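> model the structure of this input:
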Amino acid sequence: MRNPNAITRRQLLRGLALAPVALASACADGAETSSADAASDSSADASGSSAACLPVGKGAAITHGPVSGGATSASLSLAVRLDGPALVQFSATPVGGGEAVTSSCVTTTSANDFAAVCVLQGLKAATRYELVPVIDGAPQTSRAIRSRTFGPELQPLNFSFAFGSCCRYSDDGGTTTSQGKVFEVAGSWPEPPWFFAQIGDWTYPDYAFAKNGLDENGNNHTVFPQELAKAWRRRLTDKYPLRKLLAEVPLAHVWDDHDFAENNAHRDVTGKQSDRMDALSRYIPTYPLPASRAGAWQKFTVGHCEFFLVDMRSQRTDIKPAIKTQTQADGTKKSSLEEPAGHTMLGQEQLAWLIDGLKTSKAQWKLVFLPVEINPRYDALMQEALKLGVGLLIEALGDTWCGYVSERKKLLDLHTTGAVKNMVFLTGDAHMGAMLQREAQCPPVFMAANLDITQAPIIDLVEQFGVPRETLWPEWSQDSTGENTIGRVRVLTHPKPQLICESWGASGTLLHSMTIDAQT
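Numbers count the residues shown, from 1 in each chain. Below you'll find the predicted structure:
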């Protein structure tokens, strides 16, 4: 892999020559800036906005990032965090040469934890760029990264992308199982993925604190803005190999329970949703978020594929009221699943957004990132767990779509009725890899849920119940001896439209591949 910090002298000089013009244009458009600190400039908002793009000049240095994301065919967003106030911009030059483009300017302040998200517009489609952060007018070539724009929307396109969830790491003593080897594997592929989708459980900040999920002050990381800031800094540390991948490709991200709040989190856990949304928007570049700020769901398009990032925590209700347990005459306890009024996984707003988006999509492929498991074959296992009163299994399955069957039916009906063709579910959370080919009752499912976390013994457990793994995952699944994986999907147009789903192990081995043919 090419050194992301390298940039030619010709590219740098060209970018600096164009910077004053772009800077003037950005300022004329009302680009973001502020004084040295929001505390000393009442005109600055939390993002660092004010009337003019003025260097601060206090020698601030980059501590985290840059990270690119929010990629389209003509734009990129870049997030970076500094150790103090400064004016931040980015210069983008096509790899191999070309005209440079300079981003909007943003001033970091203590109010935004000295973090900034800058936007690059007017970029060329399907082009890789060298991206240099410019701090108070000084290019920081040692922190340069590369990223790319996407191909024209709704046009046939061959490309690949990577995804996965569950990578437990913190820079304060946390441990990993493979030390991020899967990200090095992704970096060794002959063709870099066009983007990486991290779909939740990113470094487990609730586990990173010293005791019982609390920090040294006794605070859960979701309660106060400063605790969220600490969690996101851990997430974006340079010490973890994920950083190498993010120095080459744009990021797409939506949270799951362990980065939203805590294990099996729902909308009523501690902390303010507004604080979580502020932190998400501050530290990473996202696609447009809902105007209601009710959650982090997003969508974007690459060629003839439309992607939906689904937020399965912000609006979900607690599963506990839906589990009814009764003591039998013989003293045994049996449970049942009875969904109460208002029981929801996605909430009305997000569910309507997702179903409407899938129905009206003009893309050939509709790929839905679901941070938790949706495979309906697990329902039989859920019923057995309820019958036997196996609390641990009921809790685990109840956190998936098995605990929200009425709402799941509305989503699966899009497939079973033929209302939406070529829908694919890409899932996480379960600490294993698995695949399910298209069936009458369910679209194809590809799970990549063990980027860097201890392998779950789910398959071992269900087989102890006398349930063969093929009953749940007839295509492929991992047991507790499996290795960490990262998912890759190759989108092909010739000789016919196909998706090639690949599970790559931390050893660099292709563990399993599943081909999905397009429906006509």
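
> quick one: low-confidence parts of the stretch 101-250 of the chain?
Within the stretch 101-250 of the chain, the stretches with pLDDT under 70 are 170-177, 210.

> what's the mean pLDDT across stretch 273-292?
Predicted confidence along stretch 273-292 averages 96 (mean pLDDT).

> how about it: buried residues?
273, 275-287, 289-290 (16 or more other Cβ atoms under 10 Å). All C-beta spots, glycine's among them, are computed from the backbone N, C-alpha and C.

> helices of the stretch 101-250 of the chain, start to end?
Along the stretch 101-250 of the chain, counting by DSSP state H, counting those that start in this stretch, helices occupy 181-188, 205-208, 225-235, 242-246.

> can you add mean neighbour count and distance to Leu346 and give those helices back as JSON lines?
Listed next are the helices of the stretch 101-250 of the chain as JSON lines, based on neighbours: other Cβ atoms under 10 Å; distance: least, Cβ to Cβ, whole Å:
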{"stretch": "helix 181-188", "mean neighbour count": "21", "distance to Leu346": "29"}
{"stretch": "helix 205-208", "mean neighbour count": "22", "distance to Leu346": "22"}
{"stretch": "helix 225-235", "mean neighbour count": "21", "distance to Leu346": "23"}
{"stretch": "helix 242-246", "mean neighbour count": "21", "distance to Leu346": "28"}
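
> and those helices as TSV, adding distance to Gly218?
TSV is the format used below for these (distance: least, Cβ to Cβ, whole Å):
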stretch	distance to Gly218
helix 181-188	34
helix 205-208	14
helix 225-235	10
helix 242-246	29
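
> contact partners for Thr471?
Arg377, Ala380, Val462 (Cβ atoms under 8 Å, 6 or more residues apart in numbering).

> for stretch 296-309, what is the average pLDDT?
98.

> how far does that stretch stretch from start to finish?
8 Å (Cα to Cα, to the nearest Å).

> how far does that stretch sit from its chain's centre?
12 Å (Cα atoms, centre = their mean, to the nearest Å).

> end to end on stretch 142-152, go ahead and measure it.
Stretch 142-152 has an end-to-end distance of 32 Å (criterion: Cα to Cα).

> quick check: buried residues in that stretch?
Quick answer for stretch 142-152 (16+ other Cβ under 10 Å): Arg143, Ala144, Ile145, Arg146, Ser147, Arg148, Thr149, Phe150, Gly151.

> next up, the contacts around the first one.
Arg143 sits next to Asn5, Ile62, Gly65, Pro66, Val80, Val132, Pro133 when contact means Cβ under 8 Å, 6+ apart.

> quick one: neighbours of Glu413, just the number.
One correction, residue 413 is Asp, not Glu. 13 (other Cβ atoms under 10 Å).

> go on, Ala126?
16.

> and Arg438, by the same measure?
17.

> excluding chain neighbours, what is closest to it?
Pro444 (4.7 Å; Cβ to Cβ, 6 or more residues apart in numbering).

> now do the helices in the stretch 351-500 of the chain.
Counting by DSSP H, counting those that start in this stretch, the helices of the stretch 351-500 of the chain are 379-388, 391-398, 405-416, 458-464, 469-472.

> distance to Ser103 and mean pLDDT added to the ones you listed, as TSV?
Shown next, in TSV, are these (distance: least, Cβ to Cβ, whole Å; pLDDT from 0 to 100):
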stretch	distance to Ser103	mean pLDDT
helix 379-388	49	88
helix 391-398	44	86
helix 405-416	38	98
helix 458-464	44	88
helix 469-472	47	94
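
> let me know which of those is the nearest to Gln155.
Comparison of the helices of the stretch 351-500 of the chain against Gln155 by Cβ to Cβ identifies helix 405-416 as nearest, at 24.4 Å.

> coming back round to it: wait, which of the contacts of Arg143 is closest to Gly213?
Nearest to Gly213 out of the contacts of Arg143 is Gly65 (Cβ to Cβ; 26.3 Å).

> how close does that closest one sit to Cys53?
For Gly65, the distance to Cys53 equals 20 Å [Cβ to Cβ, to the nearest Å].

> who has more neighbours out of the two?
Using other Cβ under 10 Å, the more surrounded residue of Gly65 and Cys53 is Gly65, with 25 against 21.

> give me the helices and strands touching the helix or strand harbouring that one, please.
Using DSSP states H and E, Gly65 sits within strand 62-69. Using 3 or more Cβ pairs under 8 Å, 6 or more residues apart in numbering; DSSP states H and E, the elements in contact with strand 62-69 are strand 76-82, strand 128-135, strand 145-148, strand 251-253.

> who does Ser503 form a beta bridge with?
In this entry, Ser503 is beta-bridged to Gly487, His512, by DSSP bridges.

> how far away is it from Pro444?
Counting by Cβ to Cβ, the gap from Ser503 to Pro444 is 13 Å.

> mind listing residues that contact the helix or strand in which Arg282 is found?
Arg282 is part of helix 273-283 when elements are defined by DSSP H and E. Identification of contacts with helix 273-283 by Cβ under 8 Å, 6+ apart yields 46-47, 64, 79, 81, 112-113, 115, 117, 222, 224-225, 228-229, 231-232, 235-236, 255, 260-261, 267, 286, 289, 293-296, 314.

> so how do I select the buried members of those in PyMOL?
Only the buried members of the contacts of helix 273-283 end up in this PyMOL selection, burial being decided by 16+ other Cβ under 10 Å:
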select buried, resi 47+64+79+81+112+113+115+117+222+224+225+228+229+231+232+235+236+255+260+261+267+286+289+294+295+296+314
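
> got TSV for the helices of the stretch 351-500 of the chain, with distance to His343 too?
Listed next are the helices of the stretch 351-500 of the chain as TSV, based on distance: least, Cβ to Cβ, whole Å:
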stretch	distance to His343
helix 379-388	15
helix 391-398	11
helix 405-416	7
helix 458-464	24
helix 469-472	24
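
> can you say which of those is nearest to Gly482?
helix 458-464 (8.5 Å).

> hang on, the earlier thing: my read: the residue nearest to Arg438 touches Gln437, true?
Yes - using Cβ atoms under 8 Å, Pro444 makes contact with Gln437 at a distance of 5.9 Å.

> how far does stretch 66-77 stretch from start to finish?
End-to-end distance of stretch 66-77 (Cα to Cα): 10 Å.

> and it, how far from the chain's centre?
Distance, centroid of stretch 66-77 to centroid of chain: 14 Å (Cα atoms, centre = their mean).

> before we move on, the earlier item: the strand holding Gly65 relative to helix 225-235, how many degrees between them?
Here strand 62-69 points in a direction 80 degrees away from that of helix 225-235 (axes from the mean of the first three to the mean of the last three Cα atoms, to 10 degrees).

> which positions in strand 62-69 come out as buried?
Per 16+ other Cβ under 10 Å, strand 62-69 contains these buried residues: Ile62, Thr63, His64, Gly65, Pro66, Val67, Ser68, Gly69.
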